[in-house]
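Undergrad: pasting the structure only:
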């Protein structure tokens with residue numbers, strides 16, 4: 001009780017043969033420094049939390065055998081579950097290289113959009129690309145050019161017509177008995 005060890009800034013506490021792991025503070029940030037001997041493993045029997053610099057909000061939490069959560073401010077932004085990772089908010093993928101993109105790299109994996117996966121994009125093992133709609137929802141394709149307002153190019157009406165547009169005006173309409181131009 002009342003015992004402590006104090007290290008000044010840039011003084012390190014070393015652990016392991018050959019100083020494999022160190023803990024230190026450099027005056028502006030605190031470090032857990034592992035030097036390539038197999039990784040840093042945090043083990044706990046209860047939830048483990050790392051708090052932000054103000055010490056009042058969790059930066060991330062790890063629950064043994066369960067969820068990992070990452071926070072921005074006090075808002076959870078990423079969490080794991082038994083199926084994978086959930087992003088709670090916007091996911092930006094950016095870069096300038098040929099490999100900077102969102103990759104769905106399996107012929108059995110789909111990009112699912114909407115609360116009930118109403119729209120799905122995928123590629124199958126027969127080299128066919130698909131856009132599929134579910135739950136009785138129409139598909140509309142729109143675009144803009146040079147700052148113009150969004151214009152309809154095509155509509156695929158659930159259980160019904162296909163409409164093709166030119167400059168936002170319907171030009172070809174399918175019907176149960178054919179098509180009208």
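TA: Structure's in. What do you need? What you see is a predicted model; the values in this text were computed from it and never measured.
Undergrad: So, low pLDDT: which residues of this structure?
TA: For the chain, the stretches with pLDDT under 70 are 1, 36, 38, 42-44, 52-56.
Undergrad: try 50
TA: Counting by pLDDT under 50, not a single residue of the chain qualifies.
Undergrad: Can you give me the separation between residue 100 and residue 78?
TA: Taking Cβ to Cβ, to the nearest Å as the measure, residue 100 falls 20 Å from residue 78. (Each C-beta comes from the backbone N, C-alpha and C, glycine too.)
Undergrad: Over to residue 159?
TA: Counting by Cβ to Cβ - residue 159 and residue 78 are separated by 39 Å.
Undergrad: same question, residue 4
TA: According to Cβ to Cβ, residue 4 and residue 78 sit 35 Å apart.
Undergrad: more crowded one of those two?
TA: Neighbour totals were compared for residue 4 and residue 78, and residue 78 leads with 16 against 4 (other Cβ atoms under 10 Å).
Undergrad: Not counting residues beside it along the chain, what's closest to that one?
TA: Once flanking residues are discounted, residue 78 sits nearest to residue 70: 4.2 Å by Cβ to Cβ, 6 or more residues apart in numbering.
Undergrad: Quickly find the element holding that neighbour.
TA: Residue 70 is part of strand 68-72 when elements are defined by DSSP states H and E.
Undergrad: quick one: strands adjacent to that strand?
TA: In the sheet, strand 68-72 lines up against strand 58-62 (antiparallel), strand 75-81 (antiparallel) (DSSP bridges).
Undergrad: Out of the ones you listed, flag the one nearest residue 138.
TA: Evaluated with Cβ to Cβ, those place strand 75-81 nearest to residue 138, the distance being 31.9 Å.
Undergrad: that older thread, if we go by neighbour counts, what in the strand holding residue 70 is buried?
TA: Within strand 68-72, the residues scored as buried using 16 or more other Cβ atoms under 10 Å are 69-71.
Undergrad: any chance of those residues in CSV, plus distance to residue 105?
TA: Below are those laid out as CSV (distance: Cβ to Cβ, whole Å):
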residue, distance to residue 105
69, 26
70, 24
71, 29
